[in-house]
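S.K.: Attaching a predicted model along with its sequence, questions to come.
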Amino acid sequence: MTTTDELEYYCFKALRLISQFLAWCLPAILRFSKAHPVLTNALGYAIATYVLWKMVCHFIVFLKRLVYLSLIVLAIIVWYRGPSRVLSQDIPEVIHLLQTDPTIKEFWSDLLKYARQTGKRAQYSLFASTDLAELRMRFMRFLTTL
């Protein structure tokens, strides 16, 4: 047998076991709920509360990670563009773009226009002041420090 045949065999066997378990479990749960309705309601509320609590916890963890990611991106932007430029130009421009109440598509296109304008200036100042050989030497020195 090839590995795909074995995988297919074990997947089929697992699906068959799951269907047999559900065929036994669902009628047992229905009989239990008819025999003990108050206990079934209490267990249902407890399970629903647990699931809701886990969802809230996962959402809080997601928000923390999103804040950490945005702080890392902001730190990279501050390191790349400089703190004075970020505080005096970039943040006011983003705030101005947000105050005009655009749609997400308009906001993103305006942000890209602003980034391209300032990015072209930075690229021009980087490449206009040095020639290709100097850039290659800088890159090689950077790679040797890694």
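M.R.: Cool, the structure landed.

S.K.: Could you use CA atoms for every contact and neighbour count after this?
M.R.: Will do.

S.K.: How many neighbouring residues does residue 97 have?
M.R.: Residue 97: 16 surrounding residues under other C-alpha atoms under 10 Å.

S.K.: before we move on, which element is residue 139 in?
M.R.: Using DSSP states H and E, residue 139 sits within helix 132-145.

S.K.: okay, that helix in CSV with CA atoms only?
M.R.: Output of helix 132-145 as CSV, limited to C-alpha atoms (Å, rounded to 0.1, in the frame of the first residue of the first chain):
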residue,chain,number,x,y,z
LEU,A,132,26.6,51.9,-6.9
ALA,A,133,30.0,50.7,-5.7
GLU,A,134,29.6,52.6,-2.4
LEU,A,135,26.2,51.0,-1.9
ARG,A,136,27.6,47.6,-2.6
MET,A,137,30.4,48.1,-0.1
ARG,A,138,27.9,49.3,2.6
PHE,A,139,25.8,46.2,2.0
MET,A,140,28.8,43.9,2.2
ARG,A,141,29.9,45.5,5.5
PHE,A,142,26.4,45.1,6.8
LEU,A,143,26.3,41.4,5.8
THR,A,144,29.7,40.8,7.5
THR,A,145,28.4,42.1,10.8
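
S.K.: Next up, phi/psi of residue 103, please.
M.R.: In terms of degrees, to the nearest 10, the main-chain angles of residue 103 are phi -70, psi 170.

S.K.: wait, what's in contact with residue 14?
M.R.: Contacts for residue 14 (C-alpha atoms under 8 Å, 6 or more residues apart in numbering) come out as none.

S.K.: Geometric centre of this structure: which residue is closest?
M.R.: residue 66 (7.1 Å; C-alpha atoms, centre = their mean).

S.K.: Centre of the chain to the strand or helix carrying it, how far?
M.R.: Assigned by DSSP H and E, residue 66 belongs to helix 37-81. Using C-alpha atoms, centre = their mean, to the nearest Å, the mean C-alpha position of helix 37-81 is found 12 Å from that of the whole chain.

S.K.: Mind giving me the packing neighbours of whatever helix or strand comes next after it?
M.R.: As assigned by DSSP H and E, the chain's next helix or strand after helix 37-81 is helix 83-85. Under the contact definition 3 or more C-alpha pairs under 8 Å, 6 or more residues apart in numbering; DSSP states H and E, helix 83-85 sits against no other helix or strand.
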